[in-house]
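Enquirer: Quick one, fold the following:
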Amino acid sequence: MTIDATQHPDAVRTLIWDAVQEMYAAHIAGDRAPSARYLHEDMTIWDSEEEPLVHGTAGLEALRDRRPTGPGAPRVCAIDVEEPVIDVWEDVALCRHVFHVHFADGAAPSQTIRNTGVWRRHPQGWRMAHNHEDVVRG
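Expert: Residues are numbered from 1 along each chain as shown. Below you'll find the model as predicted:
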């Protein structure tokens, strides 16, 4: 999906929300590529699992690589996304939502996380410039 920067704010809201859901589905599938289409290379991230601010898509890849793997590691089996609030102001959009992470085989308790994504319009389309998440339960 390409997010067309010339579209009406309602269409941008829909496209951003679809992109957010596509990124979560890709995470469940273990596929990092779909997310890369929506992330600006210089983005920043406040991740719920690590304290320092993550810089750029290279920093995101390093963060992902640090997460536990293997048979004993908790594996996300479902992510339920809800409560979107998306505002669009010319070249900037703010997407707030809540998501619930469920782990396979009870390997970890489910988590409820609040998320705020800042999206900016670029010549190649809308890209996430900053993402902030914090765990509220779990």
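Enquirer: Name the residues that touch the helix or strand bottoming out on mean pLDDT in the chain?
Expert: Across the helices and strands of the chain, mean confidence by mean pLDDT, DSSP states H and E is lowest for helix 33-36: a mean of 90. By Cβ atoms under 8 Å, 6 or more residues apart in numbering, the residues outside helix 33-36 that reach it are Glu22, Met23, Ala25, Ala26, His27, Thr57. To be clear about C-beta, it is placed using only N, CA and C from the backbone, and glycine gets the same treatment.
Enquirer: Report the two of the residues you listed separated the most.
Expert: The most widely separated members of these, counting by Cβ to Cβ, are Ala25 and Thr57 (19.1 Å).
Enquirer: Between these two, which has more neighbouring residues?
Expert: Between Ala25 and Thr57, Thr57 has the larger neighbour count (other Cβ atoms under 10 Å), namely 17 against 13.
Enquirer: give the contact list for the more buried one.
Expert: Going by Cβ under 8 Å, 6+ apart, Thr57 touches Ala36, Leu39, His40, Glu41, Met43.
Enquirer: do the same with Pro9
Expert: Going by Cβ under 8 Å, 6+ apart, Pro9 touches Val88.
Enquirer: From His97, how far out is it?
Expert: From Pro9 across to His97, the span is 17 Å (Cβ to Cβ, to the nearest Å).
Enquirer: Verify the stated contact: Ala19 with Tyr38.
Expert: Yes - with contact defined as Cβ atoms under 8 Å, Ala19 counts as touching Tyr38 (4.8 Å).
Enquirer: Same drill for those two, tell me which one is more crowded.
Expert: Ranked by neighbour count (other Cβ under 10 Å), Ala19 and Tyr38 place Ala19 first, with 24 against 21.
Enquirer: can you tell me how far that one sits from Arg37?
Expert: From Ala19 to Arg37 the distance is 8 Å (Cβ to Cβ).
Enquirer: Over to Arg75?
Expert: Taking Cβ to Cβ, one finds Arg75 at 24 Å from Arg37.
Enquirer: same check, this time on Phe99
Expert: For Phe99, the distance to Arg37 (Cβ to Cβ) stands at 20 Å.
Enquirer: Good, wrapping up.
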